[in-house]
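> Could you look at this predicted model? Sequence included:
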Amino acid sequence: IGGHCVLYEKPYYMGYQYILSPGEYPDYHWWMGFNNCIRSCQMFPPYRGSYRMRIYNRPDMMGHSMEFMDDCPNVYDRFRYRDIFSCNIMEGYWIFYEHPNYRGRQYFLRPGEYRACGDWGCHNPMVGSFRRMRTLM
């Protein structure tokens with residue numbers, strides 16, 4: 001009820017991440033889970049501010065970059081690169097998805113600098129889509 005919940009497959013906020021908006025989820029298939037194993041979670045209150053981030057095609061905020069303030073269903077179509085190696089989340093909470101159209105593994109990002117893709121919990125820099133983590137009011 002209210003806000004979002006980020007579920008993690010492993011203790012200490014590690015492993016697969018699942019971002020759930022308010023609602024009921026009868027089983028793990030409803031949140032696109034790979035399995036029913038949840039070992040840690042975090043709650044985030046509704047965010048009502050603006051959204052802004054900059055993505056980079058190289059680690060350490062280097063290389064080609066682009067700033068976004070809205071959802072992106074296909075990173076390659078807008079950014080012309082399939083890999084995001086680093087990013088700076090300036091405002092709002094964001095969700096990266098492994099594949100276009102908000103599919104595949106999910107990665108939750110809060111404001112801050114992510115100098116390598118491993119900083120947000122992935123092992124592969126491929127990001128197919130991303131969206132703002134918003135709560136409909």
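It's in.

> now stretch 38-52, how far from the chain's geometric center?
Remark: stretch 38-52 is offset 11 Å from the chain centroid, using CA atoms, centre = their mean, to the nearest Å.

> Which residue, other than its chain neighbours, is closest to Asn124?
Excluding its sequence neighbours, the residue lying closest to Asn124 (CB to CB, 6 or more residues apart in numbering) is Cys117, at 7.2 Å. For every residue, glycine as well, the C-beta is placed using N, CA and C.

> now do Met61
With CB to CB, 6+ apart as the measure, Ser86 is the residue that lies nearest to Met61, at 5.2 Å, once sequence neighbours are left out.

> Tell me who's in contact with the one you found.
Applying CB atoms under 8 Å, 6 or more residues apart in numbering to Ser86 gives the contacts 55-56, 58-62, 113-117, 119.

> Compare these and tell me which is most surrounded.
Of all the contacts of Ser86, the highest neighbour tally under other CB atoms under 10 Å goes to Ile55, namely 28 neighbours.

> Tell me what that one is bridged to.
Met66, Cys87 (DSSP bridges).

> same check, this time on Phe108
Per DSSP bridges, the residues bridged to Phe108 are Ile95.

> Any idea how many residues pack against it?
Using other CB under 10 Å, Phe108 is surrounded by 21 other residues.
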